[in-house]
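Chemist: Kindly return the folded structure for what I paste below:
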Amino acid sequence: MLSLSAGAEEVIGLARREPLLDPTGATGRANDAQLAPRPRGLRGLRVGLLDNTKPNAGVLLAAVADELRRGWGVGPSSTYVKSYFGTPVEESLIQRILKNCDFVVAGIGD
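Modeler: Numbers count the residues shown, from 1 in each chain. Model prediction:
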């Protein structure tokens, strides 16, 4: 168990709670984004794999794609790579993904 001296929590930020994002949208809070409708199933759907360029992201995504095909009958997969892990996905890449995929899995390496 970690033991901190008096006042250390404030210095390293442990006393402050970090906000969490609920990806289900079930928080009841008003937000400025609408969740995408959930597919009824995955069989035959085209999956996009978004690699963030960190080490092992591609390996993880390839394994996820294999499992989605094997276990859920997902159709073809396409891999897309961000230009840099520390920046948002470029709008042009988002548009390509929207045109060619039914859903996307984002992979984070390391």
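Chemist: Now tell me what touches the helix ranked longest in the chain from outside.
Modeler: For the chain, the helix that runs over the most residues, judged by DSSP state H, is helix 57-72. With CB atoms under 8 Å, 6 or more residues apart in numbering as the contact definition, helix 57-72 has outside contacts at 41-43, 47, 49-51, 74, 77, 79, 105, 107-109. Bear in mind the C-beta positions are built from the backbone N, C-alpha and C, glycine included.
Chemist: how about the strands in the protein?
Modeler: Chain-ordered strands for the chain, with DSSP state E as the definition, fall at 47-51, 77-81, 103-107.
Chemist: Which of the ones you listed comes out lowest on mean pLDDT?
Modeler: Sorting the strands of the chain by mean pLDDT places strand 103-107 lowest, at a mean of 89.
Chemist: low-confidence ranges in this protein?
Modeler: When residues are selected by pLDDT under 70, those of the chain lie in 1-33, 109.
Chemist: quick one: the helices in it?
Modeler: According to DSSP H, the chain carries its helices in the segments 8-12, 57-72, 91-100.
Chemist: Of all the strands of the chain, which one comes closest to Val89?
Modeler: strand 47-51 (6.9 Å; CB to CB).
Chemist: among the strands of the chain, which is the most enclosed?
Modeler: When you average the neighbours per residue for each of the strands of the chain (mean count of other CB atoms under 10 Å), strand 47-51 leads with a mean of 22.
Chemist: Send over it as PDB, restricted to the C-alpha atoms.
Modeler: These are the backbone C-alpha positions of strand 47-51, laid out as PDB (Å, rounded to 0.1, in the frame of the first residue of the first chain):
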ATOM      1  CA  VAL A  47     -14.600  -3.100 -39.700                       C
ATOM      2  CA  GLY A  48     -12.100  -0.200 -39.700                       C
ATOM      3  CA  LEU A  49      -9.000  -0.600 -37.500                       C
ATOM      4  CA  LEU A  50      -7.500   2.700 -36.400                       C
ATOM      5  CA  ASP A  51      -3.900   2.400 -35.500                       C
END
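Chemist: between it and helix 57-72, how big is the angle?
Modeler: With axes from the mean of the first three to the mean of the last three CA atoms, to 10 degrees applied, the angle from strand 47-51 to helix 57-72 works out at 160 degrees.
Chemist: That concludes my questions; thank you for your assistance.
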